[in-house]
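> sequence first, then the predicted structure:
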Amino acid sequence: MYSLADLNPVQREAVEHRAGPLLILAGAGSGKTRVLTYRIAHLIARGVAPWNILAITFTNKAAKEMRQRVETLLGSAGAGLWVSTFHSACVRILRREIDHLPGYARSFVIYDAGDQLSVLKSCLKELDLDEKKFPARGILAQISDWKNRLCPVEDAEGKAAEYFEKMAAKAYRLYQKKLMANNALDFDDIIMLAVELFRQNPTVLDYYRDRFRYILVDEYQDTNHAQYTLVNLLAARYRNLCVVGDDDQAVYGWRGADVQNILAFERDYPETMVLKLEQNYRSTKHILQAANAVVGHNQDRKAKSLWTENQSGDLLIHYVAEDERDEARYVAERIQRLKDREGRPNKDFAVLYRSNAQSRILEEYLLREGIPYRVFSGMKFYERMEIKDILAYLRVLHNPADRVSFSRILNVPKRGLGESVLAKVLLYAEEQGLDMLAALREAEYIPGVRPQARRALLSLSRLLEELREQSPEGEITDLVEEILDKTGYWAMLKADNTPEAQARVENLQEFLSVTAEYDAKIAEERDERTTGEIDERAAGEIDERAAGEGNPPAPTSAGISSSGAENGLSSETGDTPTLGGRGLPVPEVGDTTMAGSEGRPAPGVEGTSSDGSEDRLSSSEGNMAPSGGQGLPAPEVEDTFSAGVGGFLEQVALVADIDQLNEGDDGVVLMTMHSAKGLEFPVVFLVGMEEGIFPSSHSLLAETALEEERRLCYVALTRAKEKIYLCYAGQRLLYGRIQNNLPSRFFSEVPPDLMLDRDPIDPPPQRQGRTSGAPRGGGFGGSTGGGRKKYRDYGSLASEGTPLTTGKSETYHVGDKVEHEKFGRGIIVSVKGEGASAILTVVFDGQLKQLISEYAKLTRF
DNA sequence: TGCCCTAGGATTTTT
DNA sequence: TCCTAGGGCA
């Protein structure tokens, strides 16, 4: 049960908006997930069939959360709803429509970045392109860019002007050819192929257009051209497209996301309704003011300003560290102190940085303080070598055309089969038109292979055949254990007594628990089916028929309990639609990661209800038209092996983040600002606030890139609910080199009166005068961050001889906040020289000024 | 074939 | 600094 009274007026308008395009500009923390979920619930309550709704997110996490929240609101009434990521939805569609995709078989696998790289490298080798001039990553980025812009090989070749592009286009052609030969898609293909499928098969498009009459897209500002096209193709008929996003949070431009998609939505849909969610429920006033001020420096944005009814809260705290160690030390010490003082759990804290390389030192100091933490670094669980090895076995068994995976396993564990044998096998397979398993079977006929290698090949062949034959239906865990056992993988690791091998064993054990979980889920679904209960697909059908028999999903008095709803929603309001629970189980609402055994309905089934869905919507709440009721579609025939393994592989490929943030874990979170998008934490530390780090040196030359960095800063700031610390290190050891960086310009874009340079939880400084150190000015001497109490350190330093004041003129330090009669308030970012003649660099509201201490007429504030 | 060493490169990365 | 890919050698 849900109540519209839980919503503010704008939110409510967004939820109640019925038909037609809707653009929701949702600022950070403005409750957009709530709006989306309520909107879905409301549509269903008003008679829209759940299977006519498609909700798209970017991350699995977001999809899962939305699914759960809808389920909480609706219970089983949501069965048949699709809530999924772009990629899951498209893969699901591609598998269903595989017959329309010449060149691909249903068992296609999805290649991740590593797989892509190895395919591309083989292309470069084949084309005899020098990897120095044509770095694989660069080419791959170019190819990805083409795909995101829906530019097929032919167009790329046609348009390529420069030499690099021409070569890249050549590589692109070969790369695509190889992917197809391997029966593999990369991530970008998934979207591009779906668009192609729709464009070339009007009947297929027709079917999905008709099915997805209500489309909701989250994070619309992050869509790339391909995704944009996909959505707009699907929405073209009914135009019930609701997009939610925030141009200020567009931080994936470098990956092909085009913020214009959201900015030009009103052009695409002139009849659109635009709503702005500007009330923030997350952060304090001070944090929001700072975030607004920073992002306000961007030129290219839709005007808006977040506000909140929350308290003003603490001021932002600004810390000038000597170097990265001092910064890390400060962070760890602050966290410990806040834990002690305020009894906060570890998970209240997040330390956000621009690049993963910054995490190491932070870990070191957290470890030293004994503070539990979790790092969300670049290395994903499924990218680990041992996991990829086992997955490669599964992939070859599932899709024997997969040469990349075959190449990976051929000599792992060691079988004495090296590069040269691999090349011969691949060549033989190619010439004979065989897949890898078939080629292995014929190892005797592969020319130029020595007897020893031949025996090894045949033995591998037998092993794989055995695994394939005896693998029980759907039991991935057994299969994986067999693989680990029979290939000697376990033995290999156990023979190796290094800690790394130990870690690998542990990772594989973790992997086995993932497979076990998957098996259990599948078994559960199977049981439900055999006991006459229903899966997602069937649920829609049954619902539809039930509705036709006068069992309307529309308002009834029997509400579904709102027990799980946030904020203790009350539903006593008069106009609150409630939903009748019919007790139909929902295994996973719209979970696209189920085993590939789902049936495809005859298009006619749902098609029959297509006559006048709008009518149904507007005129017949609770009186839905009966469907054709042709009974449940038969599941597609697919051999059990593929069904089980394929489903699992797909899940792994598309949901590659079991390291995900678990609510239960109590640890300080370390992650990049990008990864933090969509999350919130009571206390946030932003570290490495330096020119060249953040904004990153790569962005300093281009204004658009800088604006994206600024948006990232906005995202980072708005993660904080209560407290935020901004840290700057005057000196930083990065990549083995010491850098001296100026403070980030974003510092100076925060109004100075919102920032403190001393944490109020600390005792006041001993003396009047300055507390902040002056790293660049060299005031720190030899104290390298060993001390726990920062300010005492400063005190002792001062007494060691660094003068705090001179007779004539004050001595300034980096981080001092000063006021100039003309320029206003600012922060000192560098001090050269001493005393009256010191040259001060001061940032005033975005402007950098150099002043001589003696004449500057600065006052402190 | 397999191991060891060195040189070079190193944002961000929802899928 | 630290990782990894590739070259050279046993």
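Thanks, I have the structure now. These figures come from a predicted structure and were not determined experimentally. Numbers count the residues shown, from 1 in each chain, chains lettered A, B, ... in the order given.

> okay, now the residue in the stretch 451-600 of chain A positioned nearest to DNA strand B: neighbour count?
Nearest residue of the stretch 451-600 of chain A to DNA strand B: residue A:453, at 6.6 Å (Cβ to the nearest atom of the strand). C-beta coordinates here come from the backbone N, C-alpha and C atoms, glycine included. Residues near residue A:453, counting by other Cβ atoms under 10 Å, number 20.

> my guess is it meets residue A:421, correct?
Yes - the criterion here is Cβ atoms under 8 Å, and residue A:453 meets it with residue A:421 at 4.9 Å.

> tell me the residues of the stretch 601-750 of chain A that contact DNA strand B?
Neighbours of DNA strand B within the stretch 601-750 of chain A, by Cβ under 7 Å from any atom of the strand: A:654-657, A:671-672, A:674-675, A:677-678, A:696, A:698-699, A:705, A:709, A:735-736.

> these in helices, which ones?
Using DSSP state H, the members of these that fall in helices are A:654, A:674, A:675, A:705, A:709.

> ok, back up a step: need the phi and psi values for the residue of the stretch 451-600 of chain A closest to DNA strand B.
phi -60, psi -40 (degrees, to the nearest 10).

> next one, pLDDT for it please.
Residue A:453 is assigned a predicted lDDT (pLDDT) of 92.

> over to residue A:506?
pLDDT, residue A:506: 89.

> how many other residues sit next to it?
11.

> now the ones in helices among the residues of the stretch 601-750 of chain A next to DNA strand B in JSON lines, with distance to residue A:243?
JSON lines is the format used below for these (distance: Cβ to Cβ, whole Å):
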{"residue": "A:654", "distance to residue A:243": "22"}
{"residue": "A:674", "distance to residue A:243": "21"}
{"residue": "A:675", "distance to residue A:243": "23"}
{"residue": "A:705", "distance to residue A:243": "25"}
{"residue": "A:709", "distance to residue A:243": "25"}
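
> just the buried residues out of those, in PyMOL syntax.
In PyMOL, this line selects whichever of those come out buried by 16 or more other Cβ atoms under 10 Å:
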select buried, chain A and resi 654+675+705+709
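
> show me just the buried residues among the residues of the stretch 601-750 of chain A next to DNA strand B.
By 16+ other Cβ under 10 Å, those give A:654, A:655, A:656, A:671, A:672, A:675, A:677, A:678, A:696, A:699, A:705, A:709 as buried.

> what's the lowest-pLDDT member of these?
Where pLDDT dips furthest among these: residue A:656, at 65.

> rewinding a little: from the residues of the stretch 601-750 of chain A next to DNA strand B, list the ones also adjacent to DNA strand C.
Okay, of these touching DNA strand C (Cβ under 7 Å from any atom of the strand), that's A:735, A:736.

> helices or strands up against the strand or helix carrying residue A:24?
Element membership for residue A:24, per DSSP states H and E: strand A:22-26. Under the contact criterion of 3 or more Cβ pairs under 8 Å, 6 or more residues apart in numbering; DSSP states H and E, strand A:22-26 touches helix A:32-45, strand A:241-245, strand A:273-277.

> what's the closest non-adjacent residue to residue A:679?
Closest residue in space to residue A:679, ignoring its immediate chain neighbours: residue A:719 at 6.1 Å, by Cβ to Cβ, 6 or more residues apart in numbering.

> correction: residue A:30
With sequence-adjacent residues excluded and distances taken as Cβ to Cβ, 6+ apart, residue A:30 is closest to residue A:277, at 3.8 Å.

> could you do residue A:253 as well?
residue A:708 (5.2 Å).

> for residue A:148, same thing?
In space, residue A:148 comes closest to residue A:256 once its chain neighbours are excluded; the distance is 3.6 Å by Cβ to Cβ, 6+ apart.

> thought residue A:144 was touching that neighbour, still the case?
Yes - counting by Cβ under 8 Å, residue A:144 is a contact partner of residue A:256 at 6.9 Å.

> sorry, back to before: list the contacts of the residue nearest to residue A:679.
If a contact means Cβ atoms under 8 Å, 6 or more residues apart in numbering, then residue A:719 has A:350, A:352, A:676, A:679, A:680, A:681, A:684 as its contacts.

> how about residue A:30?
Contacts of residue A:30 by Cβ under 8 Å, 6+ apart are A:277, A:278, A:279, A:280, A:281, A:306.

> hang on, residue A:666 packs against residue A:346?
Yes - with contacts counted by Cβ under 8 Å, residue A:666 reaches residue A:346, the gap being 4.9 Å.

> distance to DNA strand C for the helices and strands packed on strand A:22-26 - can I get that in TSV?
Converted to TSV, the helices and strands packed on strand A:22-26 look like this (distance: least, Cβ to the nearest atom of the strand, whole Å):
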stretch	distance to DNA strand C
helix A:32-45	36
strand A:241-245	35
strand A:273-277	42
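
> looking at the ones you listed, which is nearest to DNA strand B?
strand A:241-245 (10.5 Å).

> list the buried residues of that closest one.
Buried residues in strand A:241-245, counted by 16+ other Cβ under 10 Å: A:241, A:242, A:243, A:244, A:245.

> repeat for stretch A:407-422
A:407, A:408, A:409, A:410, A:411, A:412, A:415, A:417, A:421.

> residue A:111: which of those is nearest?
residue A:408 (11.9 Å; Cβ to Cβ).

> contacts only, for that closest one.
Contacts of residue A:408 (Cβ under 8 Å, 6+ apart): A:388, A:389, A:392.

> now the strands for the stretch 451-600 of chain A?
For the stretch 451-600 of chain A, no strands are identified by DSSP state E, counting those that start in this stretch.

> just checking, what packs against the helix or strand residue A:203 falls within?
Assigned by DSSP H and E, residue A:203 belongs to helix A:202-211. In this structure, helix A:202-211 packs against helix A:187-200, helix A:225-235, helix A:603-607, with contacts taken as 3+ Cβ pairs under 8 Å, 6+ apart.

> tell me if the longest one is near DNA strand B.
Read it as helix A:187-200. Yes - contact of helix A:187-200 with DNA strand B (Cβ under 7 Å from any atom of the strand) involves residue A:187.

> I am finished for the moment; much appreciated.
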